[in-house]
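Visitor: here is a sequence together with a model predicted from it:
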Amino acid sequence: MKKLAILALVLASATVFAKDDPIINNPGDEPHAILDFTKPAGVEVMIVRPYNINDRNVSSQTNRRTYTVRPGRIYMKLGAGSAPVTGSSSMAGSVRSRRGSASGSNELTLDVEAGKRYRIAGRDMGGGSWEPYVVEVTDF
């Protein structure tokens, strides 16, 4: 009986943790959005890489360029993935960002909607600083 109670507690904890995790590995029919860190065609931007999404460390996933996430507020810590180049594009979506140095990191808070792909990059702000921004939002 005691083992059954412990098993039930472990399973309940795993379920709660899974719902708090913003990243979905197999979305199936679950509503989701996509964070895309690939370079968009025809736009000169700084490639950025996430190393933290909603307090989940993703820095070990160096080859991963897209993340499927649950809709809602997403908080990211980003690092520069390539040398900054000047780019021009308007910001899309509800975004707040904090600038950092070219060799440092930046933060981006984004409210994502289900069925949307958010292409995220960085732009050179001069003086060695850059900021992350949403290059484009598309439906999928």
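Guide: Arrived safely, thanks for sending.
Visitor: quick check: residue 59 touching residue 77?
Guide: No: using CB atoms under 8 Å as the test, residue 59 is too far from residue 77 to be in contact (9.0 Å). For every residue, glycine as well, the C-beta is placed using N, CA and C.
Visitor: what residues do the two have in common as contacts?
Guide: Shared contacts of residue 59 and residue 77, defined by CB atoms under 8 Å, 6 or more residues apart in numbering, are found at 51, 52.
Visitor: which residue of those two possesses the greater neighbour count?
Guide: Set side by side, residue 59 and residue 77 show more neighbours around residue 77, with 19 against 11, by other CB atoms under 10 Å.
Visitor: so what's residue 116 closest to, chain neighbours aside?
Guide: residue 33 (5.1 Å; CB to CB, 6 or more residues apart in numbering).
Visitor: how close does that neighbour get to residue 21?
Guide: Residue 33 is 14 Å from residue 21, where distance means CB to CB, to the nearest Å.
Visitor: picking up where we left off before, phi, psi for the residue nearest to residue 116 please.
Guide: Backbone torsions of residue 33, given as degrees, to the nearest 10, read phi -130, psi 170.
Visitor: tally of neighbours for residue 113?
Guide: Number of residues near residue 113 (other CB under 10 Å) recorded here: 14.
Visitor: got the contact list for it?
Guide: The neighbours of residue 113, taking CB under 8 Å, 6+ apart as the test, are 33, 71.
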